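Student: compute the structure for the input listed below.
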Amino acid sequence: MLLSFKMMVKRELCIKKLFFILLILPFSFDAAWAQDELKVISGESSNTRWLHYSDASNSLYNYLSNQAYDLLRQRSTEVFNLQTRSDWERRQSEIRETLQEIVGPFPEKTSLNAQVIRRIKKEDFKVEHIIYESQPGFHVTASLFIPDMVNNAPAILYMSGHSLEGYRTSTYQHVILNLVKKGFIVFAIDPVGQGERLEYLDTQTGTPMISSTREHSYTGVQTLITGSSQAKYMIWDGIRAVDYLLTRPEVDPERIGITGRSGGGTQTAFIAALDERIHAAAPEAFITNYSRLLQSIGPQDAEQNLFHGISKRLDHPDYLVVRAPKPTLLIATTEDFFSIQGARESASEVTAIFDAYEESDHFQMAEDSGGHQSTRKNRETMYAFFQKHLDNPGNSNDEEVIILNEDEIRVTPTGQLSTSLAGETVFSLNRKEVEERVFDLQRSRENLDRHLPYVLEAARDLSGFQPPADIGKPVFTGRIQRDGYVIEKYFVGGEGDYIIPFLLMVPEESNNKAVLYLHPSGKSVEASAGGEIEWYLQQGYTILSPDLIGVGEMGPGVISNYMTSIKDFDPVSFDVWSASVLIGRSITGIRAGDVVRLSHLLLDEFNKQEIYGVARRDMAPVMLHATAFNPSISRVALIEPYSSYRSIVMNRFYDPGFHLSTVAGALSAYDLPDLAASLAPRKLLVAGVTDGAGDLISPDDLNIDIDFIQKVYEDRGAGDALIVTAGQVQMDNLYSLLLDWMN
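Tutor: I've put the predicted structure just below:
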């Protein structure tokens, strides 16, 4: 009886559960269908699930990579044809010139103002904790490890990898102290953003505001937009470290080496390539080649990606080739995320130049099993390398050491420069450079007849914009009927081997004009029933709303998993953008070309008489580039755009999501207000302008960025064609502004 009762209860519960499921199923189905119905290639229904485009979300990264591979193949052909020593010497000269061009110019050498903060004495060595200024007010924390009883000794500059603690970790100290045991003076410095040089420190919690060492990329984007680079600051710190070593009487200036692992391997390779005073270099866990890097993990932090590096025919082996025949050791492990195959291929290329110099024993590759780590075998090979080439023979065995504790290894009183010694940061130094760039722009703007044509030429070049040569036929994938209008779903070929899915929304009563509508979250965001797009349809406009490459069904791709976050901003990946910088393109330029392609499609395929452009937030730069280069879009509305690239680099906390719409090097020649001004006398609405953080813009900032646009419009007799508003945009007010703009 009891069993029967339990079974009855269980049965009743099952019936209730089934009833509940049946009750909510229609609502769940409707919600899923609403999300799916606007998809063009990746939906659940058979007509919108295109297997050929199943990897469409990675199209942006794949397209950028394929362009990189083409450039790298051209470089490989050039290198393959180098046969004689004179051929290689010519190549070395080209590498030096290119590195100086894309990393420099370096600042002038000013006083180091080096201070020994305190000294620590251990059993057989001492440590001097030092702060020097690589640039005026730009402090570098460092520790000089000096073995007892040395004079005119070899010195090694030690560059730590991506660790929050800098060179203080037990792994890095182990290598440093082993070198000290073997009679080397070791100078370890903190890279900016690590150790005691955190530039985004939460002073209340003592923790970094940006995850791990991704601070490099956060400020790196700002430097690259300016026309500088994060790499320049970090390389210069290392060059000035060599300057400091040469002031020390204990150091033999002819016997200076450098080594470092991971991010320290990057710095080692770059610094040694640019500073000829370094006799022996041993980069570890970094050197691969760009083809294998792009095929495997993708571009890494900003300081590893030199401005237009690949388009300038540079690759990882070049950082070692340029040093020949100076002693060089490439250190790698077989399971590192930096491809071992790429490391082997680079080693093969570098071997050729050392052979040409008849100094084959000056280059070697150390390889061991293991992941992204320092192995005993590789360490001992490195010790022996420096012992041989810095003329300091002895035991190369890796020995047990006692690392310094937290107090002993600390340089500053508080453990951070930001709370111990006020000074410059990468942001503040770059900001000064921006101010100079803006001053130059303002002077150039005084001559409009010369300035605006120059701006358009520079913007085409720096953005990598390519006008569409061929407009393909769109592929139709379905239709949705709604009250008063129809939604047609299409895709068309983009600039490269990828597609652009788009929705074409046609009202029953059409005025034969079209709005090309760009939203940073994709075509479907405002296309639902009751969305913003319905308002345009009610006015009689046909709407074309695309998923540009990297957006919606075309993104963001797997590389977006490698992210950073700061303050209250959403986490983002900087690495796809870095790929565009390496090949001399920009995501904005590629998207702008596709916007031009879609405008031609509206005119020629869909027979619209006039095209208007509407872009929200960080799609505004795409629309500005497209319309500046293409007169077929007759008027433009930018809704809640950030005001300028200047505003991004002038804000210590900018919205990292905006970086995808920026152009590296832009501020060396132009800014977004220049493109906006070039549209005159076309009608332009700029509603709800924000700053580079996406916040309400200050009146002063608004004036800086808008005054020039107003001046040009008035100069061309089109003052009434420009409508600008700041402050938050309410929808009712927006529709009123749009009506004014449309009429």
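Student: with only the CA atoms kept, save the helix or strand where Leu462 lies in CSV.
Tutor: Assigning secondary structure by DSSP states H and E places Leu462 in helix 448-463. The C-alpha coordinates for helix 448-463 follow below in CSV (Å, rounded to 0.1, in the frame of the first residue of the first chain):
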residue,chain,number,x,y,z
LEU,A,448,41.9,73.5,-46.0
ASP,A,449,42.7,73.2,-49.7
ARG,A,450,45.9,71.4,-48.8
HIS,A,451,44.8,69.6,-45.6
LEU,A,452,41.7,67.8,-46.7
PRO,A,453,43.1,66.1,-49.8
TYR,A,454,46.1,65.1,-47.7
VAL,A,455,43.9,63.7,-44.9
LEU,A,456,42.0,61.5,-47.4
GLU,A,457,45.1,60.1,-48.9
ALA,A,458,46.7,59.4,-45.5
ALA,A,459,43.5,57.8,-44.2
ARG,A,460,43.3,55.5,-47.2
ASP,A,461,46.9,54.5,-46.7
LEU,A,462,46.9,54.0,-42.9
SER,A,463,43.5,52.3,-42.7
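Student: continuing past it, what's the next helix or strand?
Tutor: Using DSSP H and E, the helix or strand that follows helix 448-463 in sequence is strand 475-482.
Student: partners of that next one in the sheet?
Tutor: strand 485-493 (antiparallel) (DSSP bridges).
Student: would you mark the buried spots in the strand it pairs with?
Tutor: By 16 or more other CB atoms under 10 Å, the buried positions in strand 485-493 come out as 485, 487-493. C-beta: built from backbone N, CA, C; applies to glycine.
Student: do I have it right that Ile297 meets Phe337?
Tutor: Yes: using CB atoms under 8 Å, Ile297 is in contact with Phe337, at 5.2 Å.
Student: overlap in contacts of these two?
Tutor: The overlap between the contact sets of Ile297 and Phe337 (CB atoms under 8 Å, 6 or more residues apart in numbering) is empty.
Student: walk me through the domains of the protein.
Tutor: What automatic domain parsing lists as the domains of the chain is 85-434, 445-742.
Student: now the first one: how far from the chain's centre is it?
Tutor: Translated: domain 85-434. Here the centre of domain 85-434 is set off from its chain's centre by 21 Å, with CA atoms, centre = their mean, to the nearest Å.
Student: could you do the last one as well?
Tutor: Taking the mean C-alpha point of domain 445-742 and that of its whole chain, the gap between them comes to 21 Å (CA atoms, centre = their mean).
Student: packing partners for the helix or strand hosting Ala269?
Tutor: Element membership for Ala269, per DSSP H and E: helix 263-274. Counting contacts by 3 or more CB pairs under 8 Å, 6 or more residues apart in numbering; DSSP states H and E, helix 263-274 packs against helix 85-103, strand 153-159, helix 230-245, strand 251-261, strand 280-284, helix 318-321.
Student: what's the closest of these to Tyr517?
Tutor: Smallest distance to Tyr517 across the helices and strands packed on helix 263-274 (CB to CB): 35.6 Å, for helix 230-245.
Student: angle of the closest one against helix 85-103?
Tutor: Inter-element angle recorded for helix 230-245 and helix 85-103: 110 degrees (by axes from the mean of the first three to the mean of the last three CA atoms, to 10 degrees).
Student: sorry, back to before: got the contact list for the helix holding Leu462?
Tutor: By CB under 8 Å, 6+ apart, the residues outside helix 448-463 that reach it are 444-445, 465, 585-586, 588-589, 592, 625, 628-629, 663-666, 668-670, 674-675, 677-678, 712, 715.
Student: pLDDT value on Phe476, please?
Tutor: We have a pLDDT of 96 for Phe476.
Student: compute the distance between the closest residue to it other than its chain neighbours and Val40, please.
Tutor: Counting by CB to CB, 6 or more residues apart in numbering, Tyr490 is the residue found nearest to Phe476 once chain neighbours are left out, at 5.6 Å. According to CB to CB, to the nearest Å, Tyr490 and Val40 sit 7 Å apart.
Student: what touches both of these two?
Tutor: 477, 501-503.
Student: in the stretch 451-600 of the chain, where is pLDDT below threshold?
Tutor: Applying pLDDT under 70 to the stretch 451-600 of the chain flags the ranges 560-563.
Student: strands of that one, start to end?
Tutor: 475-482, 485-493, 499-507, 513-518, 542-546 (DSSP state E, counting those that start in this stretch).
Student: just put these in a markdown table and tack on distance to Glu123.
Tutor: As requested, the strands of the stretch 451-600 of the chain are exported to a markdown table (distance: least, CB to CB, whole Å):
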| stretch | distance to Glu123 |
| --- | --- |
| strand 475-482 | 76 |
| strand 485-493 | 71 |
| strand 499-507 | 68 |
| strand 513-518 | 67 |
| strand 542-546 | 69 |
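Student: any idea which of the ones you listed gets closest to His174?
Tutor: That would be strand 499-507 among these, by CB to CB, at 52.3 Å.
Student: need the next SSE after the helix or strand bottoming out on mean pLDDT in the chain, C-terminal direction.
Tutor: Every helix and strand of the chain was ranked by mean pLDDT, DSSP states H and E. The lowest is helix 2-36, at a mean of 43. The helix or strand immediately downstream of helix 2-36 is helix 59-80, counting by DSSP H and E.
Student: now do that next one: which elements does it pack against?
Tutor: Of the remaining helices and strands, those touching helix 59-80 by 3+ CB pairs under 8 Å, 6+ apart are helix 290-295, helix 575-582.
Student: can you confirm Pro673 is in a helix?
Tutor: Yes: assessed with DSSP: H, G, I helix; E, B strand; the rest coil, Pro673 lies in a helix.
Student: would you agree it is in contact with Val712?
Tutor: No: at 9.1 Å, Pro673 does not count as touching Val712 under the criterion of CB under 8 Å.
Student: and Leu421, what does it touch?
Tutor: So Leu421 contacts 131, 139, 412 (CB under 8 Å, 6+ apart).
Student: now with 7 Å, please.
Tutor: Leu421 makes contact with 139, 412, according to CB atoms under 7 Å, 6 or more residues apart in numbering.
Student: what's the answer for the one 5 residues further on, then?
Tutor: Each residue near Val426 by CB under 7 Å, 6+ apart is listed here: 192, 199, 219, 223, 230, 233.
Student: and the third one, what's its pLDDT?
Tutor: What that stands for is Thr219. In this model, Thr219 is scored at 96, pLDDT.
Student: relative to Gly166, how far out is the residue nearest to Phe476?
Tutor: To Gly166, Tyr490 is 53 Å away according to CB to CB.
Student: same thing with Gln194?
Tutor: According to CB to CB, Gln194 stands 4 Å off from Gly166.
Student: what's the overlap in contacts for these two?
Tutor: Counting by CB under 7 Å, 6+ apart, the contacts common to Gln194 and Gly166 are Ser160.
Student: so who does the residue lying closest to Ile117 once chain neighbours are set aside touch?
Tutor: Closest residue in space to Ile117, ignoring its immediate chain neighbours: His129 at 4.6 Å, by CB to CB, 6+ apart. Listed by CB under 7 Å, 6+ apart, the contact set of His129 reads 117-118, 143, 411.
Student: how about Ile706?
Tutor: Applying CB under 7 Å, 6+ apart, we find Ile706 in contact with Val724.
Student: next one: Ala721
Tutor: For Ala721, the contact set (CB under 7 Å, 6+ apart) comprises 681-684, 713.
Student: need the pLDDT of it.
Tutor: On the pLDDT scale, Ala721 is placed at 97.
Student: would you reformat the helices and strands packed on helix 59-80 as JSON lines and include mean neighbour count and distance to Val103?
Tutor: Shown next, in JSON lines, are the helices and strands packed on helix 59-80 (neighbours: other CB atoms under 10 Å; distance: least, CB to CB, whole Å):
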{"stretch": "helix 290-295", "mean neighbour count": "22", "distance to Val103": "17"}
{"stretch": "helix 575-582", "mean neighbour count": "26", "distance to Val103": "13"}
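Student: list the residues that contact the closest residue to Val581 other than its chain neighbours.
Tutor: Spatially, and ignoring its direct neighbours in sequence, Val581 is nearest to Ala664 (4.6 Å; CB to CB, 6+ apart). Shown in contact with Ala664 (CB under 7 Å, 6+ apart): 224-225, 307, 581, 586.
Student: brilliant, that's me finished.
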